[in-house]
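Chemist: coords please:
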Amino acid sequence: MNEIDELKPYLKSFLSEYYGIKNIRKNFKCISPTHKDEHPSMSYHKNDHYIKCFACGYTANIIGVASDYWNISKSETIEKLKEKYLNKEKKLRKKPYLSIRGLKASTIKHFNVKEVEDFQAEYIDANGEKSHYPFGSAIIIPNGDSYIARSTINKKFYKPLNSQTGIFFAEELDQTQDPVFIVESPICAMTIWQQGYHAIALGGLGYNNLLSELEKRGSSIPPLILSLDSDASGKKTSDLLSIAFDEKKYKYINYPVVKEKDPNEFFLYNANEFTAYLKNCLDTINKKKFENSSANNLSEYIKNSFLSDILKQKKDAAIRLTGFEDLDRKLGGFTQGLYIVGGRPGVGKTTFLDQLSYELSAQVPVFFISYEQNRLHFAAKQIARLANLNGIPLTSTHILKGIIPKEILKVMDLYCESNREIYVYSDSPSVDEIKKRVEQFEYDTGKSPIIIVDFIQKVPSQRNNIKDAVDETVSKLQYFTTDGKRTSILVSSFNRAAYYSPVSIDSFRESGNIEYAADVMLGFQYAVQSSKLFKSDTKQNEKKEAIKKAELESPRKLELVCVKNRYGNQFTVSFDYYSNKDLFLESEKE
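Modeler: Numbers count the residues shown, from 1 in each chain. The predicted structure follows:
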């Protein structure tokens, strides 16, 4: 790690000391000297340690921020920051490393952990002989009949030659029937033990070793709490273990640390909040145990919990209206669950979701994950639609070409005064990145946003086959939606065979098995597709001509057809789509 990388994590301290910014988990006012920020527009990106203003684009790590603040060159800034932070850190390192990590002498003694200033590691030299090399300052952590050495400088690990290591502190599984935390680092396990709870550590060994340990114990396994690191690797391992635990029917919850990277860092950041987190984990798993046992006997469940669960579900399941009277009456608004909106290319799916996001965002924040348009195009459609609704003829195409009447300033003011909370992401995030952003937003604001993904066939995936990729995307988002009691709306394409047929579940069939995951499936079609012509298996040329004619109409006559509805009846709603105004209106009833 070079000096600049070592300095980057100190950005939080610098912002607090020099700008008075104490809470970087929420947006704060831009610190750029050229931007007079009236609304908090800047955010801190904790994984890469930099700040960015989404209004003016100012982006900087600690070097850029400090250089601007002190008004000195980058090289002078680096030297000054090194003196301020790194040299101070080296002085602190004279304290025992485990003490710096917040561990007490009694904890260190209990786990028989040693700290060595100049550890010598074994290796096999070119002649096949055992030799040693200086590993440096390290902590020695027992592991079964062996041990590992962990560097206190660069976090590297050393394992003795030909040694067999396993899960750290696995004996905790035999000593209690109280819940046991599963963490990655032995130091994190020790931190949790110090608070009065049980914990074991994977130690970077992977989840298979843990499954083997649990398999040895048969049915006498205590409840388990997954509290792995908040990085991508930790989340992947949590997902894999969750699948395995479900298959084995182990009693567990997945309750990752959100505030910091791991439990020890969380403890160092705020010991009181960390203690509350641990208690909340215990309360959650104990509650889950009660719910599972009461549900085994249906009569007991109906007698003791049924009504309270109904009332709780009613409280949790807020209804979000769309602004379309007929659609709200038939659909009942959007509630918790997974919704799919499909259609052939060019039918207006994206524009409909743009408009829908505006209506929904008056009630709840909206995360619009767009693989079809960037934020500029999204904003142009929003402004053009609002302009036309206020009698100003304007298209998003005109706006993007720079043809802008003076009245647009009034429309922009109207839009900003409406206080819509729409967050547009057009950087092609993966499902895991989407989940991470939503969870961070929920943690920062206490609000759960509606998630709109446009569209699922373009979400990045490691799968080579498009069906497999869509299945993986929908499966992950379904679990994320259900587990967090969220609302997700996914846009899907149709298979080509459905272009000239009435909308049905078969229209989605070549897009993966989404019909099994979705709670509600909605498909757009031209109104002419519900006519007798399109119910015929022949007359393809006539159908194509009818579709071409429908595409040229203004407004276009569309129907939104519900082909699956877990919450009620199937239905059809008619719309007039004014493509030149980026506007959907419900068709007037004849």
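
Chemist: Paired strands for the longest strand along the chain, with orientation please.
Modeler: For the chain, the strand that runs over the most residues, judged by DSSP state E, is strand 130-143. Based on DSSP bridges, the pairing partners of strand 130-143 within the sheet are strand 114-124 (antiparallel), strand 146-151 (antiparallel).

Chemist: Could you pull out the buried residues of the last one?
Modeler: By neighbour count on 16 or more other C-beta atoms under 10 Å, the buried set for strand 146-151 is 147-151. C-beta here means a position set from N, CA and C on the backbone, and glycine is covered the same way.

Chemist: so how far is the very next helix or strand once past that strand from its chain's centroid?
Modeler: For strand 146-151, the following helix or strand on the C-terminal side (DSSP states H and E) is strand 157-158. A distance of 32 Å separates the C-alpha centroid of strand 157-158 from that of its chain, computed with C-alpha atoms, centre = their mean, to the nearest Å.

Chemist: and strand 157-158, which strands flank it?
Modeler: Strand 157-158 sits in its sheet next to strand 146-151 (antiparallel), going by DSSP bridges.

Chemist: and the partner strand, average pLDDT?
Modeler: In this model, strand 146-151 has a mean pLDDT of 87.

Chemist: where's Ile243, which helix or strand?
Modeler: Applying DSSP H and E as the criterion places Ile243 in helix 232-248.

Chemist: which one is the residue nearest in space to the middle of the chain nearest to, not counting chain neighbours?
Modeler: Nearest to the mean C-alpha position of the chain, by C-alpha atoms, centre = their mean, lies Lys435 at 1.4 Å. The spatially closest residue to Lys435, leaving aside those adjacent along the chain, is Phe480, at 5.3 Å (C-beta to C-beta, 6 or more residues apart in numbering).

Chemist: again with Ala517
Modeler: For Ala517, the closest residue by C-beta to C-beta, 6+ apart turns out to be Gln478, at 4.4 Å.

Chemist: Secondary structure element for the one you found, which one?
Modeler: Short version, using DSSP H and E: Gln478 is in helix 466-483.

Chemist: before we move on, what about Asn569?
Modeler: Under the assignment here (DSSP H and E), Asn569 is part of no helix and no strand.

Chemist: repeat for Ala66
Modeler: helix 62-70.

Chemist: Flag every buried residue along that helix.
Modeler: Applying a neighbour-count criterion of 16+ other C-beta under 10 Å, the buried positions in helix 62-70 are 62-68.

Chemist: ok, now stretch 263-282?
Modeler: For stretch 263-282, using 16+ other C-beta under 10 Å, the buried residues are 263-267, 274, 277-278, 281-282.

Chemist: what's the span of that stretch, first residue to last?
Modeler: Taking C-alpha to C-alpha, to the nearest Å, the first and last residues of stretch 263-282 lie 15 Å apart.

Chemist: Next, the contact list for the residue lying closest to Lys74 once chain neighbours are set aside, please.
Modeler: Among residues not flanking Lys74 along the chain, Ser67 sits closest, at 5.4 Å (C-beta to C-beta, 6+ apart). By C-beta atoms under 8 Å, 6 or more residues apart in numbering, the contact set of Ser67 is 73-74, 77.

Chemist: and the helix holding Gln478 with helix 232-248, angle?
Modeler: For helix 466-483 against helix 232-248, the angle by axes from the mean of the first three to the mean of the last three C-alpha atoms, to 10 degrees is 80 degrees.

Chemist: Break this protein down into its structural domains.
Modeler: For the chain, automatic domain parsing gives the domain ranges 3-92, 95-165, 170-316, 325-584.

Chemist: Determine how far the last one lies from the middle of the whole chain.
Modeler: Right, the one you point to is domain 325-584. Taking mean C-alpha positions (C-alpha atoms, centre = their mean), domain 325-584 and its chain are 20 Å apart.

Chemist: likewise stretch 581-590?
Modeler: Distance of stretch 581-590 from the chain centroid (C-alpha atoms, centre = their mean) equals 35 Å.

Chemist: I'd guessed Glu184 sits against Gly203; true?
Modeler: Yes. With contacts defined as C-beta atoms under 8 Å, Glu184 counts as touching Gly203 at a distance of 7.2 Å.

Chemist: what comes up buried for stretch 156-170?
Modeler: Going by 16+ other C-beta under 10 Å, stretch 156-170 has these buried residues: 158, 165-170.

Chemist: May I have the distance across it, first residue to last?
Modeler: One end of stretch 156-170 sits 22 Å from the other (C-alpha to C-alpha).

Chemist: Could you look up the SS state of Asn209?
Modeler: Each residue gets one of three states, and Asn209 gets helix by DSSP: H, G, I helix; E, B strand; the rest coil.

Chemist: show me the contacts for it.
Modeler: For Asn209, the contacting residues are 166-167, 202, taking C-beta under 8 Å, 6+ apart as the criterion.

Chemist: Redo those as JSON lines? Include distance to Glu247, pLDDT and secondary structure.
Modeler: Output for the contacts of Asn209, formatted as JSON lines (distance: C-beta to C-beta, whole Å; pLDDT from 0 to 100; DSSP: H, G, I helix; E, B strand; the rest coil):
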{"residue": "Gly166", "distance to Glu247": "22", "pLDDT": "81", "secondary structure": "coil"}
{"residue": "Ile167", "distance to Glu247": "19", "pLDDT": "88", "secondary structure": "coil"}
{"residue": "Leu202", "distance to Glu247": "19", "pLDDT": "90", "secondary structure": "coil"}
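
Chemist: quick one: which of those residues is nearest Lys8?
Modeler: Distances from Lys8 to these, taken as C-beta to C-beta, are shortest for Leu202 (27.0 Å).

Chemist: For Asp262, which non-adjacent residue is spatially closest?
Modeler: The shortest distance from Asp262 to any residue that is not its chain neighbour, by C-beta to C-beta, 6+ apart, is 4.7 Å, and that residue is Asp229.

Chemist: Tell me, how many residues neighbour that neighbour?
Modeler: With neighbours defined by other C-beta atoms under 10 Å, the count for Asp229 comes to 22.

Chemist: now the one 3 residues further on
Modeler: Ala232: 13 surrounding residues under other C-beta under 10 Å.

Chemist: that older thread, what is the following helix or strand past the helix holding Ala66 packed up against?
Modeler: Note on helix 62-70: by DSSP H and E, the next helix or strand toward the C-terminus is helix 74-81. When contacts are defined as 3 or more C-beta pairs under 8 Å, 6 or more residues apart in numbering; DSSP states H and E, helix 74-81 packs onto helix 3-7, helix 62-70.

Chemist: For the helix holding Ile243, which residues meet the burial criterion?
Modeler: Buried positions in helix 232-248, judged by neighbour count with 16+ other C-beta under 10 Å: 234-235, 237-239, 241-242, 244-245.

Chemist: List the residues that contact Leu11.
Modeler: With C-beta under 8 Å, 6+ apart as the criterion, the residues that contact Leu11 are 44, 49-51, 61-62, 65.

Chemist: how near is it to Pro405?
Modeler: Taking C-beta to C-beta, to the nearest Å as the measure, Leu11 falls 43 Å from Pro405.

Chemist: Could you do Glu6 as well?
Modeler: Using C-beta to C-beta, which is the criterion applied here, Glu6 is 53 Å from Pro405.

Chemist: Look up the closest residue to Leu394, ignoring the ones flanking it.
Modeler: Counting by C-beta to C-beta, 6+ apart, Ala387 is the residue found nearest to Leu394 once chain neighbours are left out, at 4.1 Å.

Chemist: so what's that neighbour up against?
Modeler: Counting by C-beta under 8 Å, 6+ apart, Ala387 makes contact with 393-394, 407-408, 411.
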